[in-house]
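*Asks:* sequence? don't have it. structure:
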């Protein structure tokens, strides 16, 4: 699917065109082979870079070919299964147009279309920075959601109420955060090259690029903080589980001893052999008293040694 959007300073609102026009924003979403060939022919684009844009594992980078700049970034989105994933986005900056190409729907498009009055496609640098800003905001939203999820699990740790589902969720969260990290770090490197290079005239927009860099750095630090929190929660849960297991084993061992001791005496006096004092009337009470004394002595010793 290919869409053409155009708006200059003289027009009041962003409009969608039927075909290409100089100064337009070309939005390509999961283009077919025929559409790719048409774009390459009409806009004189580098075929290799368009093919790279279809690779789901393509990493952010910045390339320059003739009078065109190819900026690869990755954006976060929620898939139809509800998973949070990232996908590559190719941004082509040319003297007469801006092209964005992605294998799946770009959430930034919906945000920009809701703010039609603020979007001027002929201002190439500002358009690109708006797209990148919305991508950065999307990352922030998912990172904040992840932080709240981690805090909810951490609150259950105080009552040792973490479930197996929580531990499984940690694996998914870690995968998502690591994917965000591998996307944002090279994106920042590409933005720095964009800031110091001559691909775009950023005299009026340098502050926006610097804000993007700062926001991405904060997002990266937030990701690392979440990863550390997950690691700490997992280690704490492991320590608590081990301590609870040791206490359970200690209690069961002590209970076994307390049950076994009386059985020794009752078993001895239950045998059909002559035993001391077996014909005395008080022998039963004596055996009970000895057992109670031994049990009390073991319990007192265990408490002094902080076994129980």
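*Replies:* Nice, thanks for sending it over. Model, not experiment: these values are computed from the prediction. Numbers count the residues shown, from 1 in each chain.
*Asks:* by contact count, what packs against the lowest-mean-pLDDT helix or strand in the chain?
*Replies:* Within the chain, no helix or strand scores below strand 15-17, which has a mean of 75 by mean pLDDT, DSSP states H and E. Counting contacts by 3 or more C-beta pairs under 8 Å, 6 or more residues apart in numbering; DSSP states H and E, strand 15-17 packs against strand 2-6. All C-beta spots, glycine's among them, are computed from the backbone N, C-alpha and C.
*Asks:* Run through who's touching the strand it packs on.
*Replies:* For strand 2-6, contacts defined as C-beta atoms under 8 Å, 6 or more residues apart in numbering pick out 14-21, 23-29, 31, 35, 39, 119, 121.
*Asks:* Partner strands of the least confident helix or strand of the chain and their direction?
*Replies:* strand 2-6 (antiparallel) (DSSP bridges).
*Asks:* mind listing what's buried in stretch 213-230?
*Replies:* Of the residues in stretch 213-230, 213, 215, 216, 219, 220, 222, 223, 226, 227, 229, 230 count as buried by neighbour count, 16 or more other C-beta atoms under 10 Å.
*Asks:* could you pull out the strands for the stretch 101-250 of the chain?
*Replies:* For the stretch 101-250 of the chain, no strands are identified by DSSP state E, counting those that start in this stretch.
*Asks:* Can you select the buried ones from the contacts of strand 2-6 in ChimeraX?
*Replies:* Command for ChimeraX that selects the buried part of the contacts of strand 2-6, burial taken from 16+ other C-beta under 10 Å:
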select :14,20,23,24,25,26,27,28,29,31,39,119,121
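*Asks:* What about the contacts of strand 2-6, which are in helices?
*Replies:* Of those, the ones assigned to helices by DSSP state H are 35, 39.
*Asks:* Low-confidence bits of the stretch 101-250 of the chain, can you list those?
*Replies:* 115-118, 157-163, 195-205 (pLDDT under 70).
*Asks:* about what we covered before: could you provide the buried residues of stretch 213-230 in TSV, with additional columns for distance to residue 58?
*Replies:* Below are the buried residues of stretch 213-230 laid out as TSV (distance: C-beta to C-beta, whole Å):
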residue	distance to residue 58
213	21
215	23
216	18
219	20
220	20
222	24
223	20
226	25
227	24
229	30
230	27
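*Asks:* So which of the residues you listed belong to helices?
*Replies:* Per DSSP H, these map to helices at 213, 215, 216, 219, 220, 222, 223, 226, 227, 229, 230.
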